[in-house]
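**Q** 3D model of this:
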Amino acid sequence: MTESIKGPAAGPKMSDGWYVSDEPLPVHPLERLVYYARLAPSSHNRQPWKFVVGESEIDLFADVDKWLRVADRDRREMFISLGCAIESIRIAADYAGYGTAVRHFPVMNNESLVARITVNRNGPKRDDAVGHLLRYMTLRHTSHRMFEPARPVSEVDRKSLYNAFQIGEVALQLTSDPGVFSSLAQLETRADAQLFADPEYRLEISGWLSRDLFGASWLLSKLGQLAIEHLPMGNRVGQSDAARLSSAPLVGILSTKGDRRVDELQTGEAYLRVALVAERYDLRIQPVSQMVEVPEARAEAARLCGVGDRVLQHMFRIGHAQPDAVRTDREPLASLIVRAEARS
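**A** Numbering: from 1, shown residues only. Below is the predicted model of the structure:
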């Protein structure tokens, strides 16, 4: 379970041979897998998941109370986030030497039970096991900083990102075209302006700040909440988002052939691997959300990026930057897990 590693000098803490984060490692083998699922990236850090843990399976449920009904009307971002949780569980199982199999939406016409992950503690591991990426699960975080535009992503690192996964029919494109970047930055500005012009959207995102999900102090969070609710901030936010996008040497696009729920889940599974490989090579990564939340902007972004007849599911910027000083909070593990015997 060790390897020669290129990346951040500071390694993660360890306990009982596992990498640990902000909570003690559970004793129950399957709860250990869920421990890493709670560290998965999620849209706007909503963490929209619950888990029922049995002796040989983990059921993943969508926590619809955390669905952003205005920003994510079609729930695409919520299901991409849930896909990240699925892949987190499987990578932890890879690390442990367990075998896993996934059934997406195992109950017909039921989108609340998103997946059943069957775990065989006797193995064998899946064919494309990537247990070595578990190390980066506790190090990974979404970057909100300006990137270093003069420092490109090397061709070797690009190839590593391309080789990060083979999941379903998800395809990864990477672009560094300055003309495309300029058009995307303008599109991001317009998308932000359109979203912030909606009072319901402003009220919804002020709720994110009220939960202090971005690591701000209570006072700064409250001031930010009031400003978003009452001040015309669309242009200012759009300019800031556009500047961060323009600072990136690389933009990534994940697309699928279809536009089904399973495509969204597999997009999340793929994105989690890309994000962990980026962390391995000391690259920062941040989703470009608002542009994809506006249907017209999403269609235009797909055209600009040459997606063709595929469906643009997820966009993100990639580059070099110092790690963020504060990492976003995670829900306590105990609040996310229900043991199967306790439910029955």
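**Q** Ranking helices and strands of the protein by mean pLDDT, which lands last?
**A** Every helix and strand of the chain was ranked by mean pLDDT, DSSP states H and E. The lowest is helix 218-230, at a mean of 43.
**Q** Okay, now the unreliable bits of the stretch 201-344 of the chain?
**A** Residues of the stretch 201-344 of the chain that meet the criterion pLDDT under 70 lie in 208-239, 326, 340-344.
**Q** R244 versus the closest residue to L68 other than its chain neighbours, what's the distance?
**A** Using CB to CB, 6 or more residues apart in numbering and skipping the chain neighbours, the partner closest in space to L68 is E204 (6.0 Å). Where C-beta positions appear, they are placed from N, C-alpha and C, glycine not excepted. Look at E204 and R244: by CB to CB, to the nearest Å, they are 22 Å apart.
**Q** quick one, which of these two is more surrounded?
**A** Applying other CB atoms under 10 Å to E204 and R244 shows that R244 carries more neighbours, namely 21 against 18.
**Q** for L250, which residues make a bridge with it?
**A** I318 (DSSP bridges).
**Q** so who does it touch?
**A** Residues in contact with L250 (CB atoms under 8 Å, 6 or more residues apart in numbering) are 152-153, 158, 174-176, 317-319.
**Q** Spell out which strands sit alongside the host helix or strand of Y19 in the sheet and which way each one runs.
**A** Using DSSP states H and E, Y19 sits within strand 18-20. When sheet partners are counted by DSSP bridges, strand 18-20 sits next to strand 13-15 (antiparallel).
**Q** ok now the strand it pairs with, how far from the chain's centre?
**A** Between the centre of strand 13-15 and the centre of its chain there are 23 Å (CA atoms, centre = their mean, to the nearest Å).
**Q** Flag every buried residue along that strand.
**A** When burial is assessed from 16 or more other CB atoms under 10 Å, strand 13-15 yields no buried residues.
**Q** State the mean pLDDT of it.
**A** Mean pLDDT, strand 13-15: 93.
**Q** ok, now stretch 134-153?
**A** On average, stretch 134-153 scores 90.
**Q** what about that stretch, how long is it end to end?
**A** Taking CA to CA, to the nearest Å, stretch 134-153 runs 23 Å from one end to the other.
**Q** With stretch 104-115 instead?
**A** End residues of stretch 104-115 are separated by 4 Å (CA to CA).
**Q** which residues make contact with that stretch from outside it?
**A** Residues contacting stretch 104-115 (CB under 8 Å, 6+ apart): 59-62, 64, 79, 82, 86, 102-103, 116, 261-262, 265.
**Q** buried ones in that stretch?
**A** For stretch 104-115, the neighbour count (16+ other CB under 10 Å) marks 104-105, 113-115 as buried.
**Q** Let me see the mean pLDDT of that stretch.
**A** Average pLDDT, stretch 104-115: 95.
**Q** That stretch: how far from the chain's middle?
**A** The chain centre lies 21 Å from the centre of stretch 104-115; the measure is CA atoms, centre = their mean.
**Q** now stretch 113-132
**A** Put simply, stretch 113-132 sits 20 Å off its chain's centre (CA atoms, centre = their mean).
**Q** Buried residues, that stretch. List them.
**A** So for stretch 113-132, counting by 16+ other CB under 10 Å, buried means 113-117, 119, 125, 129-132.
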